[in-house]
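Visitor: need coordinates for the following:
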Amino acid sequence: MNFLIRILLSALLFSAASAYANAVTERLQWYDATNKAAPPLADDPAWSPAQTTIRRGYETGTLWLRLRVHQNEGDALYLALRRVSVGDIAVYVQSLAPATDVAQAPGENGPPGAMTALSAQDFRDGKLLLPSGSAKSVDAIVWVSIRGERLRWFELDVLNQSELAHQAIVDWCITAVHLSFSLMLLLISIAQRAFTGNLQYRTLAALAVIAALFQLQSSGLLISWFDQDAASFISLNAAITVTLACTSIYACAQVLTTRAFKQRQGLWVARLLVGSLLMVAICFATRRGIFNMLALALMFVALGIFLWESARQWMAHTSWRRGTLNLLLTAAFVVLLAFNLMALSSVFFPHLTPWYTPDARALNWPVLSVCLMFTLLWRQHRAQSATNRRRVTSAHKLHEQIGIHFAQQQYLTMLVHELKTPLTLVQLGTKALTQAEVSSERKSVWETRMQAAVNSMVHILDNCGEAERYEDGAIAISPALVYAPAVLQEVVEQASYISGKVHDRLQLHYESPTPLLTLNTDATYLQIILNNLVSNALKYSPADTTVLVKVGRQETSDGLPQLQFAVINQAGLAGLPDPAKVFERYYRAPRASSVSGTGLGLWLSQKLAERLGSKISMTLEASRIMFCFSLPAHTGDASPQALDDSADTMP
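Guide: Here you go, the predicted structure:
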């Protein structure tokens, strides 16, 4: 594709460089509205200067062109026409003597001989005017008459062999680029339509087919295939041109507008475009150019509705104005629209001449096709990306829900298992207490066991309640002056209440003077943390081992005082916990199923410690397990009264 574009640009530059060799020395035109009058004399002021490109709009009369040409020695001159819109064109060549001046030409009105009508092959290959047999330079007058009820908008010039060859190269390069873009658009549209099922690709495929037919027809490749004469060539060319314009507008309306537009104004745009195509068909059948003008008028109305709605949507949707790519696409469509509006407006207003060249105008269709396809593919990519993001989000949420459901199921299974043992013990104890043959000593033992079982269930339910309060965000920190030894005494009493007499197993060790063991924190949550750590240490350590609780005052690297709490115990039958999972919710050691527990204690303690500004760490030393954490110490002097008050307020 890049190779074809380079060939096209090179041909354009080469053609521009050879433009100085033009053989026409004078161009005059005269319009006969009656179709009956003969052209005036050469010196008559009715003749007016003419240009290479004729733009006169819709006319029904006869347009006469009078060209004075100069033939160099050995050159052959051809009448070259491009983008012809009128089929009834005739030509006559009047040779002049070497000394003959325009004013001294034969004085009769009009050409002295019969005019020769041009065929469709002449439109494509050029009409030979003067062969190259002349041995010296000569001048000639070329008379051209253009009749027919059509738009007068075409290019006419007299060229030599080299100039005609250069123009043919340019035309073939443009045809190759157009056909390549049409084939590329058709293949991509078919593939995307089959892959995505998007009906908009069907519209682009139809646009590609019509664009290919337009280029084949306008380049003259279909003349020999369908044995077209000049009139049928021009009529079919005009019909395909309007069809391509209508299809392009419909494709733009399908790609560049929202669903709301398609439901409201989109139906009217489609109706107007169908009406325009109907006028084109009538024009092709009757060879009346007025229907072609009606087709263009309907197409302009449809284009106006589309442009108004597009501008309104562009102003309403801020997302269309956000991003470099959106702005570049908008700029490309605006430039294409401006170019084509200027070209179409010159049909109704002939004096409005586009400033860009016809060769540049030939790139309109490739650029438009690329912009439309790129816009559709880019929007499809964005939609697919959004769909993928929604799928990933939904999968992530589903995974989270499955995890929550599994955790809840695991929690309920664990809770049933942990409550079943103490409830069974209470059931057996109640039955034993009601039997008369059970001794008093045995009943006392059952009462102790039942009390321990109830306390264990209360502890389990307390942990569950605190976990729920934490998740609901109902835990509020209320810092106050706390005396650490008083909190530890409460912990010992709580452990005795749950596990029975533990004074012989639980040892408290103060590594600093007790008056210094004060801190500003929430006493309730500090006690919950220590209760869980001590309870776990007592449950999971062998019954004949000691659990050591240490507290001491230390200083951080910044010189700030803090209290460090540590709970140390020996590993029991449950084994050593996994350091990476020990603080996870519902985690229990693989061999801990024989010990009552919920797997919430350490998780809850870690969360509460984080709320207090600390973090619990676990250290494994051989068969010893140590949990420790630190909290900022009180920096002032605590009075005995304050210490007594803090001890009295312990829960």
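Visitor: what lies in contact with the helix or strand containing Ser276?
Guide: Using DSSP states H and E, Ser276 maps to helix 266-286. Under the criterion C-beta atoms under 8 Å, 6 or more residues apart in numbering, residues 235-236, 238-239, 242-243, 246, 249-250, 253, 257, 288-292, 294-296, 298-299, 301-302, 305-306 lie in contact with helix 266-286. C-beta coordinates here come from the backbone N, C-alpha and C atoms, glycine included.
Visitor: using ChimeraX, define a selection of the buried residues within those.
Guide: Restricted to buried positions by 16 or more other C-beta atoms under 10 Å, the ChimeraX selection for the contacts of helix 266-286 reads:
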select :235,236,238,239,242,243,246,249,250,253,257,289,291,292,294,295,296,298,299,302,305,306
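Visitor: mind giving me the domain ranges of this protein?
Guide: Using automatic domain parsing, the domain ranges for the chain come out as 24-159, 167-390, 476-648.
Visitor: can I get those domains in TSV with mean pLDDT and distance to Gly403?
Guide: Formatted as TSV, the domains of the chain follow (pLDDT from 0 to 100; distance: least, C-beta to C-beta, whole Å):
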stretch	mean pLDDT	distance to Gly403
domain 24-159	81	70
domain 167-390	76	20
domain 476-648	82	11
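Visitor: can you redo those domains as TSV with distance to Leu423?
Guide: Below are the domains of the chain laid out as TSV (distance: least, C-beta to C-beta, whole Å):
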stretch	distance to Leu423
domain 24-159	98
domain 167-390	47
domain 476-648	11
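Visitor: among these, which is nearest Thr430?
Guide: Among these, the nearest to Thr430 by C-beta to C-beta is domain 476-648 (19.3 Å).
Visitor: host element of the residue nearest to the spatial centre of the chain?
Guide: The centroid of the chain falls nearest to Arg382 when counting by C-alpha atoms, centre = their mean (2.7 Å). Using DSSP H and E, the element containing Arg382 is helix 364-433.
Visitor: counting contacts, what elements does that helix pack onto?
Guide: Where contact means 3 or more C-beta pairs under 8 Å, 6 or more residues apart in numbering; DSSP states H and E, helix 364-433 is packed against helix 161-196, helix 200-218, helix 230-256, helix 324-348, helix 440-471.
Visitor: what comes up buried for the longest one?
Guide: Across helix 161-196, burial judged by 16+ other C-beta under 10 Å covers 163-164, 166-171, 173-179, 181-182, 184-186, 188-189, 192-193.
Visitor: looks like Ala609 contacts Leu530 (just checking).
Guide: No. Between Ala609 and Leu530 there is no contact under C-beta atoms under 8 Å: 10.5 Å.
Visitor: those two: which is more packed in?
Guide: Leu530 (25 against 22; other C-beta atoms under 10 Å).
Visitor: just give the nearest non-adjacent residue to that one, would you?
Guide: If the residues on either side of it in the chain are set aside, Leu530 comes closest to Val491, at 4.6 Å by C-beta to C-beta, 6 or more residues apart in numbering.
Visitor: ok, that neighbour touching Leu526?
Guide: No. Contact criterion C-beta under 8 Å: Val491 and Leu526 do not qualify, at 9.5 Å.
Visitor: hang on, Gly599 in a strand?
Guide: No. Applying DSSP: H, G, I helix; E, B strand; the rest coil, one finds Gly599 to be coil, outside a strand.
Visitor: how close does the residue sitting furthest away from the middle of the chain get to Thr424?
Guide: Distance from the centre of the chain peaks at Glu437, with 84.2 Å (C-alpha atoms, centre = their mean). Distance of Glu437 to Thr424, computed by C-beta to C-beta, to the nearest Å: 22 Å.
Visitor: surely Thr619 touches Met626?
Guide: Yes. Using C-beta under 8 Å, Thr619 is in contact with Met626, at 4.5 Å.
Visitor: more neighbours: these two, which one.
Guide: Neighbour count, other C-beta under 10 Å: between Thr619 and Met626, Met626 has more, with 16 against 12.
Visitor: give me the phi and psi angles of that one.
Guide: With angles defined as degrees, to the nearest 10, Met626 sits at phi -130, psi 130.
Visitor: start the count at 816 instead of 1 going forward.
Guide: Sure thing, new numbering starts at 816, so read that last one as Met1441.
Visitor: for it, list each beta-bridge partner.
Guide: Ile1383, Thr1434 (DSSP bridges).
Visitor: surely it touches Val1382?
Guide: Yes. Contact criterion C-beta under 8 Å: Met1441 and Val1382 qualify, at 7.1 Å.
Visitor: what helix or strand is the residue nearest to Leu1345 on?
Guide: Val1306 belongs to helix 1299-1314, assigned by DSSP H and E.
Visitor: next, the angle helix 1255-1286 makes with that helix.
Guide: 120 degrees (axes from the mean of the first three to the mean of the last three C-alpha atoms, to 10 degrees).
Visitor: what helices or strands is helix 1299-1314 leaning on?
Guide: Going by 3+ C-beta pairs under 8 Å, 6+ apart, helix 1299-1314 lies up against helix 1255-1286, strand 1321-1325, helix 1338-1355, strand 1362-1370, helix 1455-1463.
Visitor: report the buried residues of it.
Guide: Those would be Ala1299, Pro1300, Ala1301, Val1302, Leu1303, Glu1305, Val1306, Val1307, Gln1309, Ala1310, Ile1313, Ser1314, for helix 1299-1314 by 16+ other C-beta under 10 Å.
Visitor: now the fifth one: closest residue in space, sequence neighbours ignored.
Guide: Read that as Leu1303. Take Leu1303 and drop its neighbours on the chain: the residue closest to it by C-beta to C-beta, 6+ apart is Leu1323, 5.5 Å away.
Visitor: so who does Leu892 touch?
Guide: Ala838, Val884, Gln886, Leu943, Leu944, Leu945, Ala955, Val973, Leu974, Asn975 are the contacts of Leu892 under C-beta under 8 Å, 6+ apart.
Visitor: closest to Ala852 out of these?
Guide: Ala955 (23.8 Å).
Visitor: how far away is the closest one from Pro946?
Guide: 12 Å.
Visitor: Val1366 too?
Guide: 120 Å.
Visitor: these two - which one has more neighbours?
Guide: With neighbours defined as other C-beta under 10 Å, Val1366 and Pro946 compare such that Val1366 has more, 21 against 10.
Visitor: hmm, the more buried one is touching Leu1332, no?
Guide: Yes. Val1366 is in contact with Leu1332 according to C-beta under 8 Å; the separation is 6.0 Å.
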